[in-house]
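Novice: sequence and predicted structure, then a few things I'm wondering about:
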Amino acid sequence: MSELSAVDRPNSYIGRSVPRPNAKRLLAGRGQYVDDLRLPRMVHVAFLRSPHAHARILAIDSTAAKAAPGVVRVVTGAEMAAVCTPWVGVLHHLKGLKSAPQHALAIDRACWQGEPVVAVVARTRAEAEDAVGLIEVAWEALPAAVDMEAALAAGTLVIHPELGDNLAFQREHVGGEPDSCFADPDGVVVQATFHTGRHTGVCLEGRAILADWNPAEGRLTAYHSNQAPHMMQTVFAKHLGLREGDVRVICRDVGGSYGIKVHVYPDEMATAALARMLARPVKFSADRIEGMVSDIHARDHRITARAAVTKDGTITAMEIDDLTGIGPYSVYPRTSAVEGNQVVNLCGGPYGLRGYKARTTVVFQNKTPTCQYRAVGHPIATAVTEGLVDLAAEAIGMDPAEIRRRNLLPDDGYPFRNLANLAFEGLSHHACLTKLLAMMDYEALKAERDALRAKGVYRGIGIASFIELTNPSPFMYGIGGARISAMDGATVRLDPDGSIAIASGVTEQGQGTEAMLAQIVAGAVGVDLSRVRVTTGDTETTPYGGGTWASRGAGIGGEAALQAGNALREQILVIAGAMLQAAPESLDVRGGAVVDRATGAERLALEELGRIVYFRGDTLPKDLPRELVATRHYTPKDYPFAFTNGAQASYLEVDVETGFVTLLKHWCVEDCGTVINPMLVDEQIRGGVVQGLGGALLEHCVYSPEGQLLTGSLADYLLPMAGEMPDIAVAHVETPTKESALGAKGAGEAGTAGAPAAVQNAINDALRPFGARVFAQPFTPARILTALGKI
Amino acid sequence: MRLPLTLTVNGEPVSAMVEPRTHLVDFLREALDLTGSHAGCEHGVCGACSLIVNGAMLRGCLMLAVQAEGAEVWTVEGLTESGAIAALQAAFLARNALQCGFCTPGMLVAAATLLKANPTPTREEIREGISGNYCRCTGYHAIVDAIEEASRA
Amino acid sequence: MKPAPFAYARAASLPEVFDLLDRHGESARLLAGGQSLVAALNLRLSSPGILLDINGVEALRGIGFADGVLRIGALTRHAELGADPLVARHAPLLARAVPHIAHAAIRTRGTIGGSLALADPAAELPACALALDATLVLASRGGERRVAAVDFFQGLYQTALRGDEVLAAVEIASRAGQACTLQELARRHGDYAIVGLAAQAGPPGAGVALAWFGVGGTPLRTPRAEAALVAGDLAGAQAALAGEIDPPADLHGPPALRHHLARVLLGRAAAALKGH
């Protein structure tokens, strides 16, 4: 049978901007976030957290806490360790990565301000907090290693003496001939030192878990605000001494995640262990203040970088030296080396270089652990790369758009393997840049900028091309020994009323996963979207899978759903063929009915087919297969990652008297292959852009020299708000991956990847008349005024 | 110590005993199971707990439940059932002006309050009107579009 | 992040407030709009024994004008302040300050009395009171006493308010027709300003009051800069600031940042006053 493509099927919803079916519930206040759930006999846990960046725990006196009203149990690290084993966040393929065992509750020593030390379980959260206040801990404050620049210096405290030093990981990569490029006497070398500010995800719903151990069943059920339920099933089982099958993880509505809720957190592990100890449901709902010191942080990097460019505008080489501080532990199980590793992989990515040299040095420090947060490494690599490109353009007097045109990888040059060893199946840098420049009317914008400059108004235009890693294969985590599935499954079922139920291993945190799955399956089977229901986020009822992270939901989960939907349709047609005395090949399913493929004439409603199969199977031939459920799995095999690409631009105004930046407009053109729901993809881009803008301009986890977080509340940690954010224009170029029938690549991180670079370049464009430049994010008024020599 | 509290929530009379320290949004969520309003920061910054009390928008985490004695409180549940925010909800749905949905109930309260005071706001006025409500997912553009659309409906 | 336990009492009149203050002494805190206090309670930064809710005290409400003096009850919410025609006429500086105070949901609850009594050095209204030469009416069982704003703000979160007193009202001699401007630089809409300036001109030929916020432990006036400005010497006024403000280093940047921004704001304020 000739197969119409997923996009071309008569009932296809691919490419259509339909509303998300689950959004109505959220709009009515009927979401079910973990903190909304209540179970019989449920108790609450609060944690005493270390007030010190580094301190020995000499003694803990819980007498008063245990006697406080409502208190059910007080548990120290030593008691916890008897129930929950420690973990070490390393992966084999990140050669040399080392870390120390991390416990759910610190035992002898706390290594960052905010590390959980004692757990108090009480009838209410307020009572648990009251009792935490009654615990007396005898601390011996220890010297702290706070500054990453000094982490490896002689005289700096070694956080884990058994590891020998504070070096967690180092990787150096050389491709091509960078040295000869930099030595070229006719070339120009530009250089800068970039900083990206340590920041964090601030999911509006804090991390939360409600864990319930049922001794009668020998089962742990965890309602968890998380992106990867199957990964957590494995982790809970392993560290609580259970079989994976005896752990059920349920992720209902998740109030934001962005990579924050895909890691193993000691307080969440402790909560699951407490449920086991108490044999009753225990809820932990991280409040904002504890979230700021215990959610993973990210992007604490200093990068010295240089690029070589010929006078005619060929960028020949880049050299990157990255240093990043990750806190006292590499986070389990994904590790904290990935971000630095990505910087090494991604710098220079859009360009055809002759030489590339990059090194990352990942060090321990006594601050909150860092790990993967939306667009892992991308915004750093893009800011460095695009900052160098603009410096190169300025050095040789070339327009920033023109230097990109001359150096971006050609759109007809794929497949291509670059000097960082990344394999690109098919990218569209030039098409994206061309579209971007047209969308923003680049020439008119430049004219406006120049005219205003003459009047003392300083506006800047910044462009950033980027690549984005999506659809990761087992090469991302599995190869290193982590039980994090690169494969996802989808089960698609026809019920007797003609409706379709989908269960998928990828998960929903608001990006529209369930809408995407419903659209794909409605089209593949041939039913109206309103007849499709989707279940995600339950290890008991969905096929095993990885969940949603690294922009993999549509590309991997979507393809599994497409294959399952196609399989179900074939099964339906075999049965319908028998009922209708027709060749299955002559039939199709459209609009919820079996139709004649050639004429489209309806032959049999699916509900009639369902009725006969389920209730009057006696009327069908004995040997007819009657399977109305299909499950298919998908994992990428041809490429380790499906790279995508795009280009962004920022237009902004710098008040050169105050150093304040006003964002005027932002544009993004990106290529995620097949676009399933343009509206949802556009909103992923916009939301991602604003997270990038936050890092570029506002968000910063600032520490005192003693290792105290100074931006520990939302009054000090500045998130983007509506008043300061610009309208964001989004457009697409579609280069479907040939690896899957669906052709979808990821889109969730593209916005974040490119936005800071575009803003950086725009600010520096605005400051150009003054010869001032900024490369340290966030670009605060103080930093801009310093660059201008005004303070 | 618990004190008696009598008020009207979503048009229904409510009587309860509350601890003075319980803020209004916790009271609504825990005593009344009105979990549509969310506690996103509990220090008055994020706006996820925005409520309508005696006709005015306020932060549910910055008012104690005992202070709501005799008050008329509306939450997203009641505003939904009364149809008061139906046009906004329809516009948010059509425009995908929400992702994770956690900020959404508070955002709807802010949007409804804005449109009541200013039925035809400009985009800048919309951005100012919702500037006390964090959304971490959308980047705000779609929310501004949806409120603009609802204002034209 | 739930508050520590506390008791709670509602007062319906000032005598009731005084009784409760007598009875509970230092363990009591007055609860007005609660927009700073309840956040502090939630964060366990403050744990009073009892909250005395004064929101029901009618004597603390209302805005009136008599004998050339505007009287603003302490319980006047920011939103009411911003919308009141008497305020707009006689103390337009206050009306201009209101949109800068946090966000709409805060302005419906927060009160002018609460803001002045808290005396946050980065807040708008204390500086406005200073610029307007406002008089603060402090009530106690013994009666009322009047304290000039300049004497009221005594240090970081320190005021002239005694433990047995309630800030009852703010009185301002009419500034109708006089130029004023409120300038501030905040990272985001509604944030506390890095630096702010409430500037109020007197009658034609008289002086100008410059009241700064966000530059030190209290809102403060800069008399030498005022004198230079009145003399038409903007550069001199800007230069004078260096000796009159002593801003701290903080997350926004070094003291030099605020010195610089203050000079910029002064220039902008001068232009705004001139354009009045």
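Specialist: Good, I have the coordinates.
Novice: which bits of the stretch 101-250 of chain C sit near chain A?
Specialist: The stretch 101-250 of chain C has residues C:Leu185, C:Arg187, C:Arg188, C:His189, C:Gly190, C:Asp191, C:Ile194 near chain A, with proximity defined as Cβ under 8 Å from any Cβ of the partner chain. Where C-beta positions appear, they are placed from N, C-alpha and C, glycine not excepted.
Novice: let's verify whatever residue of the stretch 51-200 of chain A ends up closest to chain C: helix, strand, or coil?
Specialist: At 3.7 Å from chain C, A:Ala126 is the closest residue in the stretch 51-200 of chain A, using Cβ to the nearest Cβ. What DSSP: H, G, I helix; E, B strand; the rest coil gives for A:Ala126 is helix.
Novice: which residues touch the spatially closest residue to it that is not a sequence neighbour?
Specialist: Leaving aside its chain neighbours, A:Ala126 sits nearest to C:Lys2 (3.7 Å; criterion: Cβ to Cβ, 6 or more residues apart in numbering or on different chains). C:Lys2 makes contact with A:Thr124, A:Arg125, A:Ala126, A:Glu129, B:Arg21, B:Thr22, B:Asp26, B:Glu42, C:Asn42, according to Cβ atoms under 8 Å, 6 or more residues apart in numbering or on different chains.
Novice: need the residues of the stretch 101-250 of chain C next to chain A in TSV with neighbour count and pLDDT, can you?
Specialist: Below are those laid out as TSV (neighbours: other Cβ atoms under 10 Å in any protein chain shown; pLDDT from 0 to 100):
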residue	neighbour count	pLDDT
C:Leu185	25	98
C:Arg187	20	96
C:Arg188	16	97
C:His189	17	94
C:Gly190	20	95
C:Asp191	19	96
C:Ile194	28	97
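Novice: same list, these, but as JSON lines with secondary structure please.
Specialist: As requested, these are arranged in JSON lines below (three-state DSSP):
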{"residue": "C:Leu185", "secondary structure": "strand"}
{"residue": "C:Arg187", "secondary structure": "coil"}
{"residue": "C:Arg188", "secondary structure": "coil"}
{"residue": "C:His189", "secondary structure": "coil"}
{"residue": "C:Gly190", "secondary structure": "coil"}
{"residue": "C:Asp191", "secondary structure": "coil"}
{"residue": "C:Ile194", "secondary structure": "coil"}
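Novice: what residue in chain B comes nearest to chain A?
Specialist: Checked against chain A (Cβ to the nearest Cβ), the nearest residue in chain B is B:Gly36, 2.2 Å away.
Novice: name the residues of the stretch 151-276 of chain C found near chain B, please.
Specialist: C:Arg188, C:His189, C:Gly190.
Novice: next, the contact list for the last one, please.
Specialist: When you say that, I think you mean C:Gly190. Counting by Cβ under 8 Å, 6+ apart, C:Gly190 has contacts A:Met721, A:Gly723, B:Ser131, B:Gly132, C:His100, C:Ile101, C:Ala102, C:His103, C:Ile106.
Novice: could you redo the last one with a cut-off of 6 Å?
Specialist: B:Ser131, C:Ala102, C:His103 (Cβ atoms under 6 Å, 6 or more residues apart in numbering or on different chains).
Novice: so A:Gly610, which of the three states?
Specialist: helix.
Novice: ugh, wrong one, I meant C:Leu94
Specialist: Quick answer, by three-state DSSP: C:Leu94 is helix.
Novice: tally of neighbours for it?
Specialist: Using other Cβ atoms under 10 Å in any protein chain shown, C:Leu94 has 31 neighbouring residues.
Novice: what domains does the record give for the chain?
Specialist: Since you didn't name a chain, this refers to chain A. Domain ranges of chain A: A:23-31+A:487-634, A:34-142+A:203-294, A:297-474+A:638-787, per automatic domain parsing.
Novice: meant chain C actually
Specialist: C:7-53, C:60-173, C:180-274.
Novice: just checking the shortest one against chain A, any contact.
Specialist: No. Domain C:7-53 lies apart from chain A when judged by Cβ under 6 Å from any Cβ of the partner chain; the minimum separation is 6.6 Å.
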